[in-house]
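need the 3D shape of this:
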Amino acid sequence: MNQDAHLAEALKLRNVLAQFVGNTRLVGFPEQMITDRSGSVASFAALSEQVFGTIVQRFMAKPLNVRFHYGHPDVWDLTWVRGNGGVSKASKQLHLSEDIFGGMNLMLRGGRVKYLGFKMVGKAREVSFDGTNQFNFKISSGNGMQLISRDFHRLAKNLDLFRMLSFFQSSAGIFFTEWMLFASLFAFVVCKLMIAMLHVETFFSAGDAFDSVGFHDEPGTEVLYPSQWMIQATLVMAWPSMLEGWLDGGFAKMFTRFFQHALAGAHVFNMFIAKTRGYAIDHTVTSGKALYQVTRRGMRMRHSFVSLYTRYAVSHITPSAEMAAYVVMLTALSRFGPMYVFVMTTWHVWFAITCLSLAPWLFHP
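Got it, this is the predicted structure:
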């Protein structure tokens, strides 16, 4: 196991075992990332993993009561588990994320999961760009296979509405949200292009009947499709990391880490990873196939242009090129000037295109 601990934490194990009362069959505790100083990519990955392993799991355990097993340093009631189906599964393809299926089986058989905060162990995470992408691809593919599994269906149909929604969002829902984010961005560009092609931009002109009810002050496609939603979606996805920084070290540490990561290109990295996870769950659900991705936690910085292009062409580069072509057509067909279209409509689209197209070479100079 790539984990780190010391004697003081080992002495707490007696207190951990004392938590196995009643129907508590799994006790979990947080991890501290020990690879956060191994480079910018390692720092980004460590922050994401630490947020999930602390504040997110704490909230999932209580009050949502939807925390399972995620390969973290959890302690199992082995005697009970061996007599209730075990933790192993038959298929290495369908049950790619074998750890969470163990938690599902535990919950289906009446067990309970408890999360502690007084014990912590160290954990290493991928420090290279490719390794982090492969890890997230594997995790997202595993969540896609969960959606088509019997365990997921049996557990979801026996939960109440609020717990079922929490269960979905805490497992495959977050990856589905990331797929929807980029799918809606593509649909946004296509709708803008259709409006420009049909000359609907100037359909509502000054002096018509809509002026009397204050329908518009100035005509333009931004009236129909506001573009500031990209900032809103980004802030919604980023607030758990900011909250964890505040709880971990206060406002000063939170803002310091925020600006350090912004200068190091965290926005580029996180957008690329989100696209990876969205593509992985879409590909897994539509094809029904998922493969284990071997990740290496070594520092690998040297890659050829051909290897990077062939690895990310289908999932990132080609969709970005298609979107760029649509945006160029939109700018050419619009009744407004190119600068107006860029500032009011497409600036966030160009930002996403740039991040998805250049990130592999930015982190592999």
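
in this structure R302 contacts D130, no?
No: contact between R302 and D130 fails when scored by C-beta atoms under 8 Å: they sit 10.9 Å apart. Backbone N, C-alpha and C define where each C-beta goes, glycine included.

those two: which has the busier surroundings?
Between R302 and D130, counted using other C-beta atoms under 10 Å, the more crowded position is D130 (21 against 7).

can you verify my assumption that that one contacts R311?
Yes: assessed by C-beta under 8 Å, D130 is found in contact with R311 at 7.5 Å.

just how off-centre is stretch 124-135 within its chain?
Taking C-alpha atoms, centre = their mean, to the nearest Å, one finds stretch 124-135 lying 14 Å from the centre of the chain it belongs to.

quick check: mean pLDDT across that stretch?
Averaging pLDDT along stretch 124-135 gives 84.

let's see that stretch as PDB, backbone CA atoms only.
What follows is stretch 124-135 as a C-alpha-only set of coordinates in PDB (Å, rounded to 0.1, in the frame of the first residue of the first chain):
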ATOM      1  CA  ALA A 124       0.600   9.200  -2.200                       C
ATOM      2  CA  ARG A 125      -1.100  10.200  -5.400                       C
ATOM      3  CA  GLU A 126      -0.100  10.500  -9.000                       C
ATOM      4  CA  VAL A 127       2.400  13.300  -9.700                       C
ATOM      5  CA  SER A 128       2.500  13.300 -13.500                       C
ATOM      6  CA  PHE A 129      -0.100  14.700 -15.900                       C
ATOM      7  CA  ASP A 130      -0.600  11.400 -17.700                       C
ATOM      8  CA  GLY A 131      -0.800   9.400 -14.500                       C
ATOM      9  CA  THR A 132      -3.500  11.700 -13.100                       C
ATOM     10  CA  ASN A 133      -5.500  11.500 -16.300                       C
ATOM     11  CA  GLN A 134      -5.300   7.700 -16.400                       C
ATOM     12  CA  PHE A 135      -6.400   7.600 -12.800                       C
END
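
re the thing from before, shared neighbours of R302 and D130, anything?
With C-beta atoms under 8 Å, 6 or more residues apart in numbering applied, the contact sets of R302 and D130 do not overlap.

any low-confidence regions in the protein?
Flagging of the chain using pLDDT under 70 yields the residue ranges 1-3, 88, 90, 92, 200-237, 290-301, 365.

recalculate using a threshold of 80.
1-6, 71-72, 85-98, 125-126, 199-249, 288-303, 335-345, 364-365 (pLDDT under 80).

mind listing what's buried along whichever strand or helix holds T354?
In this structure, T354 is located in helix 347-362 according to DSSP states H and E. By neighbour count on 16 or more other C-beta atoms under 10 Å, the buried set for helix 347-362 is H348, V349, A352, I353, C355, L356, S357, A359, P360.

which secondary structure elements does it sit against?
With contacts taken as 3 or more C-beta pairs under 8 Å, 6 or more residues apart in numbering; DSSP states H and E, helix 347-362 sits against helix 174-197, helix 229-264, helix 266-287, helix 305-312, helix 318-333.

looking at these, which is buried most?
Highest mean neighbour count of these: helix 266-287, a mean of 21 (counted as mean count of other C-beta atoms under 10 Å).

from the chain's centroid, how far away is it?
8 Å.

angle of that helix against helix 305-312?
60 degrees (axes from the mean of the first three to the mean of the last three C-alpha atoms, to 10 degrees).

what does helix 266-287 rub up against?
40-41, 44, 48, 129, 132-133, 136-137, 139-141, 143-145, 147-148, 172, 175-176, 178-183, 237, 289-290, 315-316, 352, 355-356, 358-360, 362-363.

name the nearest residue to P360, ignoring sequence neighbours.
Residue nearest to P360 in three dimensions, not counting chain neighbours: L308, with 4.4 Å by C-beta to C-beta, 6 or more residues apart in numbering.

ok, the one you found to G278 distance?
Computed as C-beta to C-beta, to the nearest Å, the L308 to G278 distance reads 20 Å.

please apply the same query to V21.
With C-beta to C-beta as the criterion, V21 and G278 are 41 Å apart.

swap in G173?
12 Å.

wait, E31 sits on G53?
Yes: between E31 and G53 a contact is recorded at 4.8 Å, counting by C-beta under 8 Å.
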